[in-house]
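# model this:
(3 chains)
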Amino acid sequence: MNNSFLRISIWVYLAIFFLYLLGPLVIMSVTAFNSSAFPRMTPWECLTFQWFGELFQDQRILNGIKNSLIIGAGTVVLSVAMGLAGALMLTQIWPKLRATYYTVIIAPILIPGVVLGISTLVFWDRINRMLGLGADSFLSNGIFLTVIGQSTFIASYCMLVLVARLQRYDVALTEAALDLGATHAQAFRKILLPFMRPAIASAAVLAFLASFENYNTTTFTFGEYPTLTIELAQKVRYGITPSISALAFIIVALTVFFALLNEAKLKRQELVAAARKNATVEELAGKIKLPSFFSGNMAAVLVVVFAVATITVIGTATAYNPAQCIADVREQKQLEAQQRIEELRKQREEQRRLREEERKQRFEGVFEPGDLQPGSTEEEAEPDTGTNNSGFGNVFAPNTLGGDSDEGEAEPETPPASNGGFGGAFDPNSLQSDD
Amino acid sequence: MPRFLKDFFNRNGTGMGLAILGLVLFWTIGLIILPQLSMLDFSFRPNLPPPEIGGPKDVYTLENYKYLIYGPEGGSQNYNAVDLRVFFRTLLAAVCVTIFNLIICYPIAYYLGQSKGNHIRIFAIMLIIPYWINEILRAFALRIIFGETGVLNTLFMGLGIWDTPFDFIRNDIALYAGLGYAYILLMIFPMYNVIESLDGNQIEAARDLGAPWWRIHWRVVIPYAKPGISSGCTMVFMLSAGALAAPQILGGPSSLWFTQLIYQQFNDNNDWPQGAAYAIVLLVTCILFVLAMMRLFKVNMGDIGK
Amino acid sequence: MSAGVGVDLENLWIRFGDFVAVRDANVNINGGDFFSFLGPSGCGKTTILRAVSGFLDPSEGRVLIGGNDMQGIGPNKRPTALIFQNLALFPLMKVWENITFSLEIKGASAKERRKRADELLDMIALPGQGDKLPSELSGGQRQRVAIARALCAEPDVLLLDEPLSALDLKLRQHMRTELREIQQRVGITFIYITHDQGEALTMSDNIAVMRAGVIDQIADGKTIYNDPNTAFAASFVGENNVFRGKIKQVMGSEALIETNRSGDLVARISTANQGTMKVGDDAMMFIRPEALAIAPDGATGDHFVTARVNHEEFEGNVFNIFTEGEGGKEIKVSIPNHGQSFKDHTGQNITLEYETQNAVLVPAGELAAE
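Prediction:
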């Protein structure tokens, strides 16, 4: 096979793959800045920051973030503790029990989240009843149940991360500490814990992210405390607005920022380690000269670029006023709408004229009863316009049934901020009917 | 005290030993085993209002399982065709999503695992970032793209490939793309881990012996990567079959996912035992299916999750 | 030498399931001694060390340190400090923090610890290296840090688990001398574990030779080398030529043996076995390569062996001749190099002679695996 052809096809494949992976996130982020009431990239209307403002005034979102943070903190503590204990147990368990034990603690990763949520709910409800507690007891509290339910499987992730590091731990280090007079708790705190710190940090971040974005388990356990993900799901299911895009943009930006920051830190540690190896004793003791944070560190440069860009955007946002543009667009839309109405009217007129002519011709020929109801023909013709590109047609397009069909209680939502004229009404997806 | 426990406490000290043992027992028994057993038990009970629970009517019954197969008693049909169709469609779709993911991820995992250089780290970050974004938001992003006036329809209509908007959502294309999208990392990562440890010389040697590229993959790389492939496939299959967010957001109005039925039983019908029975059916079927596949492809349980 | 704290093992048994790691060990280690346990890997010597330091409970018997029974006392409460085979320096702590870890546990101030670390760094000839990480030191330096860390805890007994095995030959030989010097300076009891007989012989006051959980012999180095108790001790410590046979005649401390392949030879019965070896017993006679010499051709008698020379090699201090005795028996002869001229004997038959006191007779038994 031709080598350069192979290489080109690899790069093309990579490009398509990453387009599939990252494209949706980029498009979603961009829609946060379009003034169109429905999140979309095309047609581009006006650059606006109004969706961010709307986002920060949404009490349900803010409350969801608060609940997510509380639950995330609880889950991090519980799952890292259980994951560490589980990993320690795995390294020293009786060999005959090892395989069974491993299967049990790894199983929650494979059990569907829905099942975990249900089993947590059912089990603690039963415990609650056995203890004779009421429906408002601690055990049926949404935060408690969610933390417990999420930790069931998040602890498995933590365990996997921690055990990888623990396998490189030399038990002789703990023994050395004991031998030098430390108690078991001191040896754990002063020797094992510092060794495990990087893995514990990774596990904690992983646990927090997993908790923050969990939906399947939480949807059964949240009770009175909906998390951000639950609130988002409600919103997305019953009507999507660009303020969700705005939230997504913030999350994407934070994620990219922290990923780059982490990468920069890793790179820096590598450079420092390399420098330490080469350094002489005097250098280390006295004037230690660390390599500059940026030299040979692409990620660090990107972090700074990113930070600058963010500040610029926020600066622009406070100064920028899209009112003029929005007004222009509105005006244009009104014009377009009028034009369309005009066209439509003309079309109908034309049709009527044609029909009348036809009728005249027929009248001259054979009499047919249906022809006595001129209006009905016209009405029947109406749905046909749905397949043309006219503005009204799309209202009836099948895709408007975006809502979940199984939800009887779907509340009909009006577009939160119609940008005037017919803009919102023309939007096919803005009508979330409940089938 | 058995020797194992004695050694355990000698090694960890009494206080630390009790803490470790306590946490592990709480996790394995209190959070994993007992809730599952409790759900199993619950699925065999009738749906009773709280005061009657534990009363004379609270007896074991197969009603909830019968319902899945035969439907409501005195129903018009012999079988619960609606729920059964949803069930099998979910399993079939999960298999399709898994195969789709395997096919698109294998080249990437192979490329990342076998090439060296700084750009691999960038690729790794680019792979991980979408996974850190909320599941709901990822589904939302695809909804924007696949919508009636979404990017794809605008693009294709602009290019004149079709002239009326194609309904990706009603045709479930959005759903499959979304499920595949959601679990790409879980497919790539186990495969990448294994392929990375494959000695490049083996591939070189095979190439020297004149093997064509597809044969190298079929005879050298894939057998070596089997633990990673099975690990990835198992995770993607289980998670797709158990997905709830993507079907709720991207699923068409006429096509339900089995987890949505479970959700309905719990949240709309308020019939917990029925929901628990459905959850058990889903869990057991998925486990049996995965075990059968592992037997078929001769994979060990211990390889999963590595 | 100051009278340090002694260690006694009394009827010590250690079992892991069905496996017996240590079988009825009885050892008295004098305070201030440098005592070595010498044996091949897997013979149970590390197990004994772990029992002394408190990481293992004996299945039976007692461990006494300074006359006190250590039963139920954890490793952190015993007056011992262990130097691990891989040293087990704390990788995330600087050298000075490593050295003064025991003081940190006792709650000493950083200033106090720093001062003590500097003293110990001077002692181990690593002044000013306290701020490095262990990974930035060389193998020999790490070795010394581990010793300093153990000494900082001011133990009564220092336990060393093959601490030199990871070093290269030159450094190992240098560290032997250094360890011995340190021991004499601090005057505490050292218990040293090794499979290297050179280390044991050069450093120790007394050595216990171990085989498969059993202690074969406890004595000073010279005695073990010249007057081994068992076939194992004779073959494990130093090089030895073995001749198997049956005792034909016992003459006080000497005996005549009918060897399987080399005719009747005379030997001295090892001290521990005098009075217990009888005519007709299976026995093994050991002659060191350096105890053999080339005799004039044609000499015969009960201290002469004839052999054909296979090949010869020059090792510097000695000249080695590898011969094949009757029936294919291999015999190695080492002749000290005084600058004399050597004749090439390859392919020829030669006669070897020895003095009776250099041929040691022990009951037939297991030999050390080569």
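# quick check: domain ranges of the chain?
Went with chain A since none was named. Domain assignment for chain A by automatic domain parsing gives A:49-240, A:243-280+A:291-321, A:325-338+A:385-435.
# looking at chain C here, not the other one
C:7-226, C:239-363.
# adding distance to B:Ile120 and mean pLDDT, write those domains out as TSV.
C-beta here means a position set from N, CA and C on the backbone, and glycine is covered the same way. What follows is those, written out as TSV (distance: least, C-beta to C-beta, whole Å; pLDDT from 0 to 100):
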stretch	distance to B:Ile120	mean pLDDT
domain C:7-226	26	89
domain C:239-363	53	86
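# now these as TSV including distance to chain B and mean neighbour count?
As requested, the domains of chain C are exported to TSV (distance: least, C-beta to the nearest C-beta, whole Å; neighbours: other C-beta atoms under 10 Å in any protein chain shown):
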stretch	distance to chain B	mean neighbour count
domain C:7-226	7	19
domain C:239-363	38	16
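# got JSON lines for the ones you listed, with distance to A:Val256 too?
Converted to JSON lines, the domains of chain C look like this (distance: least, C-beta to C-beta, whole Å):
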{"stretch": "domain C:7-226", "distance to A:Val256": "31"}
{"stretch": "domain C:239-363", "distance to A:Val256": "68"}
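# how about those domains, which one is nearest chain A?
domain C:7-226 (3.9 Å; C-beta to the nearest C-beta).
# how about that closest one, does it reach chain A?
Yes: shown here: domain C:7-226 in contact with chain A (C-beta under 8 Å from any C-beta of the partner chain) through C:53-55, C:74-76, C:80-82, C:84-86, C:88, C:90-92, C:101-102, C:104-106, C:128-129, C:131-133, C:136, C:149-150, C:153.
# picking up where we left off before, among the domains of chain A, which is the most enclosed?
Of those, the one with the most neighbours on average (mean count of other C-beta atoms under 10 Å in any protein chain shown) is domain A:49-240, at a mean of 20.
# let me know the secondary structure of the closest residue to B:Ala124 other than its chain neighbours.
Take B:Ala124 and drop its neighbours on the chain: the residue closest to it by C-beta to C-beta, 6 or more residues apart in numbering or on different chains is B:Leu112, 7.1 Å away. The local conformation at B:Leu112, judged by DSSP: H, G, I helix; E, B strand; the rest coil, is helix.
# run through who's touching stretch A:115-134.
With contact meaning C-beta atoms under 8 Å, 6 or more residues apart in numbering or on different chains, stretch A:115-134 is reached by A:108, A:137, A:139-140, A:144-145, A:148-149, A:152-153, A:216-221, B:31, B:34-36, B:38-39, B:42, B:50, B:53-54, B:242, B:262, B:266, B:272, B:275-276, B:279, B:282-283.
# can we see that at 7 Å?
When contacts are defined by C-beta atoms under 7 Å, 6 or more residues apart in numbering or on different chains, stretch A:115-134 is touched by residues A:108, A:137, A:139-140, A:145, A:148-149, A:152-153, A:216-221, B:34-36, B:38-39, B:42, B:53, B:242, B:266, B:272, B:275-276, B:279, B:282-283.
# which stretches of the stretch 101-250 of chain A form strands?
Counting by DSSP state E, counting those that start in this stretch, one finds no strands in the stretch 101-250 of chain A.
# from A:Ala264, how far off is the residue in the stretch 101-250 of chain B that chain C sits nearest to?
Per C-beta to the nearest C-beta, B:Arg121 is where the stretch 101-250 of chain B lies closest to chain C, at 24.0 Å. Distance, B:Arg121 to A:Ala264, by C-beta to C-beta, to the nearest Å: 12 Å.
# so where's the stretch 151-300 of chain A uncertain?
Applying pLDDT under 70 to the stretch 151-300 of chain A picks out residues A:276-298.
# can you map out the helices along it?
Taking DSSP state H, counting those that start in this stretch as the test, the helices found in the stretch 151-300 of chain A are A:171-179, A:184-187, A:193-213, A:218-221, A:228-237, A:242-278, A:281-285, A:298-319.
# the first one and chain B, are they touching?
Right, helix A:171-179. No: using C-beta under 7 Å from any C-beta of the partner chain, helix A:171-179 never reaches chain B; the gap is at least 8.2 Å.
# same question for the third one.
Yes: applying C-beta under 7 Å from any C-beta, one finds helix A:193-213 touching chain B at A:Leu209, A:Glu213.
# if we can go back for a sec, mind putting the domains of chain A into JSON lines with distance to C:Asp297?
Listed next are those as JSON lines, based on distance: least, C-beta to C-beta, whole Å:
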{"stretch": "domain A:49-240", "distance to C:Asp297": "60"}
{"stretch": "domain A:243-280+A:291-321", "distance to C:Asp297": "65"}
{"stretch": "domain A:325-338+A:385-435", "distance to C:Asp297": "109"}
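# quick check: which of the ones you listed is nearest to B:Cys96?
B:Cys96 lies closest to domain A:49-240 among the domains of chain A, at 17.5 Å (C-beta to C-beta).
# now do that closest one: distance from first to last residue.
With C-alpha to C-alpha, to the nearest Å as the measure, domain A:49-240 spans 17 Å from end to end.
# so who does the residue nearest the centre of chain A touch?
In chain A, the centroid-proximal residue (C-alpha atoms, centre = their mean) is A:Ala248; its distance is 6.1 Å. Counting by C-beta under 7 Å, 6+ apart, A:Ala248 touches A:Met28, A:Ser29, A:Ala32, B:Leu137, B:Phe140, B:Ala141.
# nothing else from me, thank you.
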